[in-house]
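**Student:** kindly return the folded structure for what I paste below:
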Amino acid sequence: MRIKKDDTVKVIAGKDKGKTGKVLKTFPKDEKVIVEKVNIVTKHIKPRGPQNPGGIEKQEAPIHVSNVMYFDTSSNKATRLGYKIENGKKVRFKKSDGKTIK
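**Tutor:** This is a model prediction of the structure:
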């Protein structure tokens, strides 16, 4: 998976198409990511005593990694990512301009 935690991504497919947000968590085995303020679902919480009352809570649900694209904040455009070997280390780079990421 080329998308990592704390990356800024843009949603390119689905009901939230066009939204951008930060990746909060990744699930490499399932090829899914959780993006902040994207794919909001309603979850019903069961009461667990007087300190933890139940209720309805909105939270982010996982979205497939193929539906998001790395968002380059310097150029304000979504771009594809690739890997290359640089000084004996594997690094990610933007395919639009060839610059490495972190």
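**Student:** which positions within the longest strand along the chain qualify as buried?
**Tutor:** Counting by DSSP state E, the longest strand found in the chain is strand 20-27. The neighbour-count check on strand 20-27 (16 or more other C-beta atoms under 10 Å) flags 20, 21, 23, 26 as buried. Heads up, the C-betas are built off the backbone N, CA and C, glycines and all.
**Student:** among those, which two are most distant?
**Tutor:** 20 and 26 (16.8 Å; C-beta to C-beta).
**Student:** measure the residue nearest to residue 28 when sequence neighbours are not counted to residue 101 for me?
**Tutor:** Leaving aside its sequence neighbours, residue 28 sits nearest to residue 1 (C-beta to C-beta, 6 or more residues apart in numbering; 5.1 Å). Plainly put, residue 1 is 14 Å away from residue 101 if you go by C-beta to C-beta, to the nearest Å.
**Student:** from the buried residues of strand 20-27, which single one is nearest residue 50?
**Tutor:** Distances from residue 50 to the buried residues of strand 20-27, taken by C-beta to C-beta, are shortest for residue 21, at 35.3 Å.
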